[in-house]
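Colleague: below are the sequence and a predicted model; questions follow.
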Amino acid sequence: MYNSFMSKIRRDFSLYWLITVCVCFFLLFALISRWAPVAGDDWGYALGGMWNNPLVKAIEFYQIWSGRFFSELWGFCVAPHKKLWNILNPLIFTGVLWMLMMHSGREKHPYLIPPLAVMLILTVPNGLRKQTYAWIMGTTYVLPLLFFLIYLYCLRRIIFHDDHNKYRRIFAGSLCLAVPLYMENAAAMIVGVNVLVCIWLYFNKKDKLKLMAVYTVISIIGTLLIRYAPGAVYRMARDHGEFRSLSLFGKIAVNWPQFILYTYTNNSVLTSVMSLCLMILVLKQKRTPVSVILTVIFAWGILQGISPWLYEVTGAGFFGTISDLSQEGSLLINTVMYVLYTCALFAAVLLYVRDTEKKWVMVLVLFAAGGANAVMLISPIFDVRSSIYTVYMFILFTLFLAEEITFPGLAEKGIVVLCSAVCILRAFGYYDMYHLVHLIEIKRNSQLAWYQVRPDAKDVYILGYPIDWIHSADVVEGDTYHEEYFKKYYYLAEDVTLRFYYLPEYTEEAILNG
């Protein structure tokens with residue numbers, strides 16, 4: 001009875017801890033969403049949604065602009081209502097965090113997994129942060145991530161736990177159609193996962209194969225709808241004719257450096273933590289030639305991830321050399337090393353993860369991580385925001401790894417404190433940055449209000465944001481599309497010249513009094 005009582009107490013405390021972490025996470029994203037400005041594509045979608053029926057406009061864009069039907073619909077529905085997005089954005093990201101918790105299980109380390117997940121989310125590359133975390137149209141990349149995580153959870157319930165809930169099965173099927181109509185590489189990811197699951201079921205659980213085949217067909221239909229949308233075909237021919245004319249290998253050659261960058265080298269913190277978990281997992285096994293090779297490869301992964309920071313702190317030439325090789329050096333060296341690293345990821349899972357469900361889910365997550373970026377090799381535009389699926393699949397993979405490792409009690413408590421401390425420091429960093437962003441927005445709005453009542457002014461001087469803080473908040477020279485909608489959104493005369501100026505240093509005093 002005593003043991004049962006203590007077990008219940010521990011479960012309750014771990015649940016309270018999870019809820020506390022999620023609430024703090026929600027409040028942080030609510031704050032930065034409130035302080036984030038309307039920027040870039042948001043201007044055009046806000047006006048399009050205000051002036052037109054959002055559904056009709058999304059159907060029109062499917063015909064003339066893009067196959068991302070649900071992304072366009074989101075833009076026209078949400079961009080006109082910034083206050084609505086201020087609530088939806090933290091809810092979506094908290095949903096992503098919750099689904100990561102649901103997948104990882106938190107059975108062995110209920111106090112470690114939540115702060116570890118938050119730490120990895122808050123330490124993503126800066127480009128990914130500014131293009132997806134606090135940008136209305138960037139949320140269109142996050143929504144399919146959330147839906148994919150929900151779909152993957154439904155699949156696990158159906159396949160490994162014999163869940164016969166018909167509503168869950170219907171919901172999973174609807175997600176197979178919805179996810180592809182948000183983003184092209186999300187479409188490829190869910191189709192790839194479905195095909196791999198079908199292959200696994202053929203050899204292991206044929207009774208589930210028919211349902212999975214239906215899901216696969218639905219996801220393929222969604223992918224064809226986004227790939228061959230009239231708008232997508234038209235824009236590809238109009239804007240990317242040169243890239244389209246390249247051979248398959250030519251396209252891959254053009255995008256291969258970005259693939260290496262956005263898959264591994266850009267994600268230094270994530271790569272280091274993932275490699276450390278893998279190395280600990282391998283070291284706890286019986287020593288063999290294979291385990292030694294894997295240990296060396298994962299040690300290299302750790303060194304590659306932390307070398308830029310170590311070089312900055314110590315100035316040691318050795319770390320500088322490693323940093324240069326991983327960040328700017330030989331593409332051939334990086335390719336060879338990361339091919340070996342990828343093979344080592346799969347090998348470690350197949351050799352050392354004992355639980356059948358977790359093993360094959362981890363393999364599936366690795367394929368999803370690689371596939372989401374691999375499909376971008378044949379895309380004319382491969383930007384950092386497209387890598388969000390790869391990054392978050394690696395985060396989920398790292399949480400699975402952490403659950404596989406047994407830490408001594410004191411060591412685990414120390415790691416929990418360390419992860420929590422990093423989360424707090426990153427949260428304060430986000431607070432400081434977005435507080436200054438908010439002050440810049442206040443300053444800009446006062447400047448714009450001044451020019452709105454002076455239509456005779458020919459030059460409009462506007463305080464610009466630091467380039468590494470906010471995505472597309474300033475209009476660059478020659479960007480006629482965003483210039484047009486910036487003027488319309490802020491009620492400026494069409495013939496004015498926009499002149500963005502920047503401060504040598506962005507402090508509260510400099511922003512408000514400069």
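Modeller: That came in fine, so what should we check first?

Colleague: on the three-state scheme, Arg106 is what?
Modeller: coil (DSSP: H, G, I helix; E, B strand; the rest coil).

Colleague: ok, it - how many residues close by?
Modeller: 22 (other CB atoms under 10 Å). Heads up, the C-betas are built off the backbone N, CA and C, glycines and all.

Colleague: helices or strands up against the strand or helix carrying Met337?
Modeller: Using DSSP states H and E, Met337 falls within helix 331-352. Here helix 331-352 touches helix 248-260, helix 268-283, helix 289-314, helix 317-327, helix 356-374, going by 3 or more CB pairs under 8 Å, 6 or more residues apart in numbering; DSSP states H and E.

Colleague: lowest mean pLDDT across those, which one is that?
Modeller: Across the helices and strands packed on helix 331-352, helix 317-327 has the smallest mean pLDDT, namely a mean of 48.

Colleague: can you pull the contacts of the nearest residue to Asn334 once chain neighbours are set aside?
Modeller: Using CB to CB, 6 or more residues apart in numbering and skipping the chain neighbours, the partner closest in space to Asn334 is Ile260 (5.1 Å). By CB atoms under 8 Å, 6 or more residues apart in numbering, the residues touching Ile260 are 331, 334-335, 338.

Colleague: tell me the one of the residues you listed nearest Ile170?
Modeller: Distance to Ile170, by CB to CB, is smallest for Tyr338 among the contacts of Ile260, at 40.1 Å.

Colleague: just checking, that closest one touches Thr263?
Modeller: Yes - counting by CB atoms under 8 Å, Tyr338 does reach Thr263; the two are 7.4 Å apart.

Colleague: picking that back up, among the helices and strands packed on helix 331-352, which comes closest to Leu181?
Modeller: That would be helix 356-374 among the helices and strands packed on helix 331-352, by CB to CB, at 16.1 Å.

Colleague: now that closest one: buried residues?
Modeller: Using 16 or more other CB atoms under 10 Å as the test for burial, helix 356-374 gives 358-374.

Colleague: list of residues touching that helix?
Modeller: For helix 356-374, the external contacting residues (CB under 8 Å, 6+ apart) are 103, 148, 152, 156, 160, 185-186, 188-189, 192-193, 196-197, 200, 259, 262-263, 342, 345-346, 349-350, 353, 386-387, 389-390, 393-394, 396-397, 400, 403-404.

Colleague: likewise stretch 442-449?
Modeller: Outside stretch 442-449, the residues touching it (CB under 8 Å, 6+ apart) are 37, 460-463, 490, 492, 511-512.

Colleague: I'd like to know which of the residues you listed is nearest to Lys206.
Modeller: For the contacts of stretch 442-449, the closest approach to Lys206 (CB to CB) belongs to Pro37, at 53.8 Å.

Colleague: report whether the closest one is found in a helix, as I expect.
Modeller: No - counting by three-state DSSP, Pro37 falls outside a helix, being coil.

Colleague: can you tell me how far Val96 is from Met212?
Modeller: Per CB to CB, to the nearest Å, Val96 is found 25 Å from Met212.

Colleague: more neighbours: these two, which one.
Modeller: Val96 (24 against 21).

Colleague: ok, the more buried one - contacts?
Modeller: 121, 142, 145-146, 149, 392.

Colleague: what do you get if the cut-off is 10 Å, keeping everything else the same?
Modeller: Contact analysis of Val96 by CB atoms under 10 Å, 6 or more residues apart in numbering lists 25, 117, 121, 142-143, 145-146, 148-150, 388, 392, 395-396.

Colleague: quick one: low-confidence parts of the chain?
Modeller: The chain contains residues with pLDDT under 70 at 1-12, 308, 310-330, 514.
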